[in-house]
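In: Any chance you could fold what I've pasted below:
(4 chains)
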2 protein chains.
Amino acid sequence: MTGPAPRKGMIQSVERASRILKVLGTGTSRMGVTEIADRLGLAKGTAYGLLRTLEAQELVEQDPETDKYRLGPAMLQLGNAFLDNHELRARSLLWADSLASRTGDAVRVGVLHGTNVLIVHHVFRPDNSVQILEVGASIPWHACALGKAIVAFLPEPSRRALLGLELAPLTGRTVTDPAVLEEVLVAVAAEGTALEDEEAIVGEAEIAAPVFDDRGHSVGAIGVVGPVERLLPEGRQAAAVIAAVRDTSRGLSRDMGAGRVGARSGATRR
Amino acid sequence: MTGPAPRKGMIQSVERASRILKVLGTGTSRMGVTEIADRLGLAKGTAYGLLRTLEAQELVEQDPETDKYRLGPAMLQLGNAFLDNHELRARSLLWADSLASRTGDAVRVGVLHGTNVLIVHHVFRPDNSVQILEVGASIPWHACALGKAIVAFLPEPSRRALLGLELAPLTGRTVTDPAVLEEVLVAVAAEGTALEDEEAIVGEAEIAAPVFDDRGHSVGAIGVVGPVERLLPEGRQAAAVIAAVRDTSRGLSRDMGAGRVGARSGATRR
DNA sequence: TCCATCGTTCGGTATCGTCGAACAGCCACG
DNA sequence: CGTGGCTGTTCGACGATACCGAACGATGGA
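Out: Got it, this is the predicted structure:
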């Protein structure tokens, strides 16, 4: 009732330990044993044993003063190791730099993770402004161009499944109607690029295009972000930026092994 | 015989799952079930069950083509969550920016993690050169100024333990003799700052100072890195930079709650 | 001072993870 | 074209093991 049905064949203690990590990751600030046990619906002693084990592995840490728990340093190291072994990220480094200097905008590369887009690479806008690194951040897929670009080219069962889930609004312009979003996705699939206009953060817009692997599946997306007035001016000056994003996504897809062009329904063609 | 003795009271499956994650994190590129099972000394079926549950949690991913395993996206999210909840990092953001603009050098903040220093914050040198973000990287403590600054102020049992372990050389200048390193640490404790001169990377030097919490324990360090000829010139022009680093570390320590100055053996004093 | 709540300990019991052998698929080699 | 050795995967029976729930000591407000 409290937790989702424990799937068959899954190792119970490991599943519970993972959920502890995720609970510690979402809720800001540290948590106590009882709070964790309550939230996961298991006995206090059980949660304690799991925490002790995770602590020995330095996956969680216990504050010596308050006795509360938080994520441990090994977590950061593993997160970094994920990035190091990430093929899309590795291959996108050069393309992202090139795109950033060509358009003068910030560039982000993301992959789908659950219903969110996880940023795996981020190149700052090449002016000297202060910007915060967004690698590791995750954004609801329906509220960013990266997400729309990925989902528009997903194989059908997955695509519909994502459209069926609830779509939370982040700003006043976030599209939350499944029917409208469906139309948007069709347009994205036809166009090959996705737009986002202040749907995640007020004042920010994004232009993105999908990246395919050798099977023609969309494994991620690359795009530029920036102030609305810069990215989506009143005239149609954005055409040059859109072309640059599309070119980059195609080159990157080729790097990822996407064999022949147009492997998917003529979307990358024309 | 192969693995370390399983500590009493630890949950076996969770400990094994953690070790799988670490093995996937260290070895570059992906690994197969049998390779993982062999390296951890457990049955193939057992490793498979663990991997399946970790995969269900998206902590690991399986390459659909080669059937090999790699770390999953949830890892990055958790690593990022660790940073968000990290008190030293949060408090160091402003101080690091200020130190970087004051000295014109890159700034790093690190904590001790095992025998390594884990970088939790990194501010680029404020010129327009291309630099890679080092957050999440880990460096042997004896080969960087951050590490020496931390260890020099560690409570005695821990300090000696770290000196006793093997000290691998990274460059020709890395100090690997425990006796020599011991003297260096004494000097660092007396001086309040640590230096590093091409001991980790040829051509790079670092100046760092420890950060204390309210108990007077060294919880981390902050320092500047850069080309040797810039940071450690022939003359004694470095004095200004050293002073800046020391000031910053004191301010940051105060932020962390280090109550009275000189809580530890007059080290932070004069 | 007392009560409430915290993190921690402990032992019995049934659950649950472990092991090892056997299965099917793949690739390289002969 | 067959074959041997790999791979990742499945399955079932055994018994070690992780779960639970109650009790403990310390802590911090009221």
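In: Distance-wise, check the closest residue to residue A:70 other than its chain neighbours relative to residue A:16.
Out: Spatial nearest neighbour of residue A:70, chain neighbours left out: residue A:30 (4.2 Å); criterion: CB to CB, 6 or more residues apart in numbering or on different chains. In this view, the C-beta of every residue, glycine as well, is placed from N, C-alpha and C. Distance from residue A:30 to residue A:16, counting by CB to CB, to the nearest Å: 19 Å.
In: who has more neighbours, the two?
Out: residue A:16 (22 against 19; other CB atoms under 10 Å in any protein chain shown).
In: Quick check: that one touching residue A:48?
Out: No. Counting by CB atoms under 8 Å, residue A:48 is not a contact partner of residue A:16; they are 12.0 Å apart.
In: Check what pLDDT residue A:3 gets.
Out: You'll see residue A:3 listed with a pLDDT of 38.
In: what does the one 5 residues further on give?
Out: Residue A:8 is assigned 57 on the pLDDT scale.
In: got it, and residue A:99?
Out: We have a pLDDT of 97 for residue A:99.
In: Dump whatever helix or strand it lives in to PDB, restricted to CA.
Out: Assigning secondary structure by DSSP states H and E places residue A:99 in helix A:87-103. What follows is helix A:87-103 as a C-alpha-only set of coordinates in PDB (Å, rounded to 0.1, in the frame of the first residue of the first chain):
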ATOM      1  CA  GLU A  87      29.500   7.100 -24.500                       C
ATOM      2  CA  LEU A  88      27.100   9.900 -25.600                       C
ATOM      3  CA  ARG A  89      28.800  12.300 -23.300                       C
ATOM      4  CA  ALA A  90      32.300  11.400 -24.500                       C
ATOM      5  CA  ARG A  91      31.400  11.700 -28.100                       C
ATOM      6  CA  SER A  92      29.500  14.900 -27.600                       C
ATOM      7  CA  LEU A  93      32.300  16.900 -26.000                       C
ATOM      8  CA  LEU A  94      33.800  18.200 -29.300                       C
ATOM      9  CA  TRP A  95      30.400  18.700 -31.000                       C
ATOM     10  CA  ALA A  96      29.100  20.700 -28.000                       C
ATOM     11  CA  ASP A  97      32.100  23.000 -27.900                       C
ATOM     12  CA  SER A  98      31.800  23.600 -31.600                       C
ATOM     13  CA  LEU A  99      28.100  24.300 -31.400                       C
ATOM     14  CA  ALA A 100      28.600  26.700 -28.500                       C
ATOM     15  CA  SER A 101      31.200  28.700 -30.300                       C
ATOM     16  CA  ARG A 102      29.200  28.700 -33.600                       C
ATOM     17  CA  THR A 103      26.000  30.000 -32.000                       C
END
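In: CA-only coordinates of the helix or strand that that helix is followed by in PDB, if you can.
Out: Next in sequence after helix A:87-103, counting helices and strands by DSSP H and E, comes strand A:106-113. Extracted as PDB, the C-alpha positions of strand A:106-113 are listed here (Å, rounded to 0.1, in the frame of the first residue of the first chain):
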ATOM      1  CA  ALA A 106      25.100  27.600 -23.900                       C
ATOM      2  CA  VAL A 107      24.900  23.900 -25.000                       C
ATOM      3  CA  ARG A 108      23.400  21.000 -23.100                       C
ATOM      4  CA  VAL A 109      23.400  17.300 -23.800                       C
ATOM      5  CA  GLY A 110      20.800  15.100 -22.100                       C
ATOM      6  CA  VAL A 111      19.500  11.500 -21.900                       C
ATOM      7  CA  LEU A 112      16.100  10.300 -20.800                       C
ATOM      8  CA  HIS A 113      16.000   8.900 -17.200                       C
END
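In: How about the residues of chain A by DNA strand D?
Out: A:12-13, A:16, A:42-46, A:49-50 (CB under 7 Å from any atom of the strand).
In: Need the max-distance pair from the residues you listed.
Out: A:12 and A:44 (17.0 Å; CB to CB).
In: can you give me the helices in chain A?
Out: With helices called from DSSP state H, chain A shows them at A:12-26, A:33-40, A:44-56, A:73-84, A:87-103, A:145-152, A:156-164, A:178-191, A:228-231, A:239-255.
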